[in-house]
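# With the input below, show me the fold.
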Amino acid sequence: MRKIINKSPSRLIDMEFNIPIFNAKSQMYTCIDVSEIETSPTGKDYTISLSEVKRGFSVPERINIDMFIPIDGNGGLAHVTMNEVHPKRGDVKLAQTLTPKENITTLEGLKKVFYEMAKSI
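So this is what the prediction gives:
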């Protein structure tokens, strides 16, 4: 598994993720952007923007995943929120979770967290 390091969150760009929103089990999304929103003494905020890979399902065209990753030596819980992007009426929260920080330090871990969040919708 490839470890995602602080200096390279842009490695996620162009990767595909299986995110089964609204029970569309084979729905895929492509990462189009990763932005570090803010760094504070307590952690870092990131937004991961994803675009739908057309499959014929009625799913959101774009979703953003906002993550707060705490900076501490003892692990901690990352806050992850999945939002449907609506340019005209604002974003709609689809799912939210707290997960141990070590669950999102690998590509496999990220994929699993995104998949489980979408299944909970």
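# longest single strand anywhere in the chain?
For the chain, the longest strand by residue count, based on DSSP state E, is strand 28-40.
# Alpha carbons only: can I get that strand in CSV?
Once non-C-alpha atoms are left out, strand 28-40 reads as follows in CSV (Å, rounded to 0.1, in the frame of the first residue of the first chain):
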residue,chain,number,x,y,z
MET,A,28,-16.8,5.3,-9.6
TYR,A,29,-15.5,8.8,-9.0
THR,A,30,-12.2,10.4,-10.2
CYS,A,31,-10.3,12.7,-8.0
ILE,A,32,-9.9,16.1,-9.7
ASP,A,33,-8.4,18.2,-7.0
VAL,A,34,-6.9,18.0,-3.5
SER,A,35,-6.6,21.3,-1.6
GLU,A,36,-5.0,22.0,1.8
ILE,A,37,-7.5,24.5,3.1
GLU,A,38,-5.9,25.4,6.4
THR,A,39,-3.1,24.4,8.8
SER,A,40,-3.4,25.1,12.5
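# Now it: buried residues?
Of the residues in strand 28-40, those buried under the neighbour-count criterion (16 or more other C-beta atoms under 10 Å) are 29, 31, 34. For every residue, glycine as well, the C-beta is placed using N, CA and C.
# before we move on, what about stretch 43-50?
If you call a residue buried by 16+ other C-beta under 10 Å, then stretch 43-50 has these buried ones: 43, 44, 46, 48, 49, 50.
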